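Visitor: no sequence on hand, only this structure:
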């Protein structure tokens with residue numbers, strides 16, 4: 001659908017996300033769920049290494065597909081943003097020491113104010129930066145944005161945080 005959306009300017013802003021979303025939902029049960037199980041079994045360091053490797057593989061696949069005309073609109077690397085959400089969901093569900101640390105850190109008022117400023121700067125400056133950038137830069141921007149949004153959501157889920165009170 002993404003190539004078709006270029007003919008419809010109003011739809012282009014919505015359709016770009018369909019490819020990464022469909023890719024993520026197809027891959028999730030076969031790739032992500034087993035990685036979560038492996039990470040829980042082997043520990044935090046292995047989990048971090050797996051996450052970095054998965055993101056790197058997605059970026060490499062996207063870069064390899066750029067020369068192939070119709071594949072350049074798929075944006076495989078943008079599905080790496082879902083990794084941040086999966087990590088956040090896993091941490092929230094487990095309520096382990098890492099989540100407790102996130103919760104205690106999120107209660108800091110200066111951290112919350114800083115996070116709100118970063119969140120709004122990312123949202124407001126993003127469009128201007130991305131229009132002039134390469135596909136690779138845009139994919140990195142989306143990954144960083146996903147991480148920032150996940151951190152913001154974690155703060156919103158943290159009991160007693162300023163962001164939770166605002167939200």
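Guide: Yep, that arrived. A quick note: this is a predicted structure, and the numbers were derived from the prediction, not measured.
Visitor: now for this protein, the helix or strand with the poorest mean pLDDT.
Guide: helix 2-5 (a mean of 53; mean pLDDT, DSSP states H and E).
Visitor: for residue 155, see how far away residue 166 is.
Guide: Summarising the geometry, the distance separating residue 166 from residue 155, computed by CB to CB, to the nearest Å, is 10 Å. The C-beta positions use only the backbone N, C-alpha and C, and glycine is treated the same way.
Visitor: these two touch, right, residue 146 and residue 84?
Guide: Yes - shown here, residue 146 and residue 84 form a contact pair, counting by CB atoms under 8 Å, at 4.2 Å.
Visitor: who has more neighbours, those two?
Guide: For residue 146 versus residue 84, neighbours defined as other CB atoms under 10 Å are more numerous around residue 84 (22 against 19).
Visitor: how about the more buried one, what does it touch?
Guide: 143, 146, 147, 149, 150 (CB atoms under 8 Å, 6 or more residues apart in numbering).
Visitor: hmm, try it at 7 Å
Guide: When contacts are counted by CB atoms under 7 Å, 6 or more residues apart in numbering, residue 84 touches 146, 147, 150.
Visitor: which among those residues gets closest to residue 89?
Guide: Using CB to CB, the shortest approach to residue 89 within those belongs to residue 150, at 9.1 Å.
Visitor: the helix or strand encompassing the closest one - contacts with which helices or strands?
Guide: Element membership of residue 150 [criterion: DSSP states H and E] is helix 135-157. Using 3 or more CB pairs under 7 Å, 6 or more residues apart in numbering; DSSP states H and E as the contact criterion, the secondary-structure elements in contact with helix 135-157 are helix 44-65, helix 81-94, helix 97-106, helix 109-131, helix 162-166.
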